[in-house]
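Student: here are the coordinates; sequence isn't available:
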């Protein structure tokens, strides 16, 4: 018995990184249901869009059109979310720059603040951040 969580992991794992038995299981599961077959194809196509390149904007538009044509309501909702901030999405897919390091520092700072749980002031927080 395969759980939905395991199927999601199989769908989101790069095909080259799947073990043979996992690839066989994914093939078996996707062959059993046409919606799962379409979801597997669309997930793989979307994953290829995540590396920055100039022509990705037109490919994204084509992907969204294809995803909306399928009978997958959750994917329609995902497409609506993508369209809400299309300019930022286009910049993320086409430009070589990333703010990942900044976001990582913000996440680390928030983690330290949660660990301290309001027991100390700004001076101790600053000291702990600078020590790491």
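Tutor: On my side now, so go ahead. Values in this document were obtained by computation on a predicted structure and should not be read as measured data.

Student: Please identify the buried residues of stretch 115-132?
Tutor: Within stretch 115-132, no residue counts as buried by 16 or more other Cβ atoms under 10 Å. Where C-beta positions appear, they are placed from N, C-alpha and C, glycine not excepted.

Student: mind starting the numbering at 49 from now?
Tutor: Understood, numbering begins at 49; the last thing we discussed is stretch 163-180.

Student: What mean pLDDT does the longest helix belonging to the chain get?
Tutor: If you go by DSSP state H, the chain has its longest helix at helix 148-164. Mean pLDDT, helix 148-164: 88.

Student: Name the residues that touch it?
Tutor: Applying Cβ atoms under 8 Å, 6 or more residues apart in numbering, the contact partners of helix 148-164 are 172, 173, 176, 177, 180.

Student: distance of the last one from residue 63?
Tutor: Residue 180 sits 37 Å away from residue 63, taking Cβ to Cβ, to the nearest Å as the criterion.

Student: And residue 80, by the same measure?
Tutor: 18 Å.

Student: Mark out where each domain of this protein begins and ends.
Tutor: 49-80, 83-146, 148-179 (automatic domain parsing).
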